[in-house]
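Asker: Kindly return the folded structure for what I paste below:
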Amino acid sequence: MTKATVKDLQKHTEEFVAQAQKGRVVITRRGKPTAVLVGVNEQDWESVLLQTDPKFWKLIHTRRKQATRSLKDVKAGLRRRH
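Answerer: Numbers count the residues shown, from 1 in each chain. This next block holds a predicted model:
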C-alpha cells in the first residue's frame, strides 16, 4: 500500500492514479489518513458503485445475520408447491 500526502497527490496525480491500479493509495493530511485512492481500470462500473455503497453493505450484513436454509430444503419446498 502506497501513502501520499495531499500535496504529493496534487503534484503527482498521474503517478498516484497509475499506482492505484496496482494497489490502494492512502492519502494523508497532517500525517493522518484522510482518503483512499482505488483504481478501477478494467472493472465493471456497476460493481465499483456497489462496492462503495454503504446501503448495499448494510443490506449484506443484515442478510448474513438471517437464518439460512439448505439447498436440499429449498428444493423440497419447491417440489411440495408444484
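Asker: ok, and the helix or strand in the chain with the lowest average confidence?
Answerer: helix 45-51 (a mean of 89; mean pLDDT, DSSP states H and E).
Asker: Could you check how far the helix or strand following that helix is from the centre of its chain?
Answerer: The helix or strand immediately downstream of helix 45-51 is helix 54-65, counting by DSSP states H and E. On the basis of Cα atoms, centre = their mean, to the nearest Å, helix 54-65 sits 13 Å off its chain's mean C-alpha point.
Asker: related to what we said a few turns ago, using CSV, write out every CA atom in the least confident helix or strand of the chain.
Answerer: Only the C-alpha atoms of helix 45-51 are listed here, as CSV (Å, rounded to 0.1, in the frame of the first residue of the first chain):
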residue,chain,number,x,y,z
TRP,A,45,-18.7,0.4,-13.2
GLU,A,46,-21.8,-1.0,-11.5
SER,A,47,-19.6,-3.3,-9.4
VAL,A,48,-17.5,-0.4,-8.4
LEU,A,49,-20.5,1.6,-7.3
LEU,A,50,-21.9,-1.4,-5.2
GLN,A,51,-18.5,-1.9,-3.6
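Asker: Centre of the chain to that helix, how far?
Answerer: Centroid separation for helix 45-51 versus its chain: 8 Å, with Cα atoms, centre = their mean.
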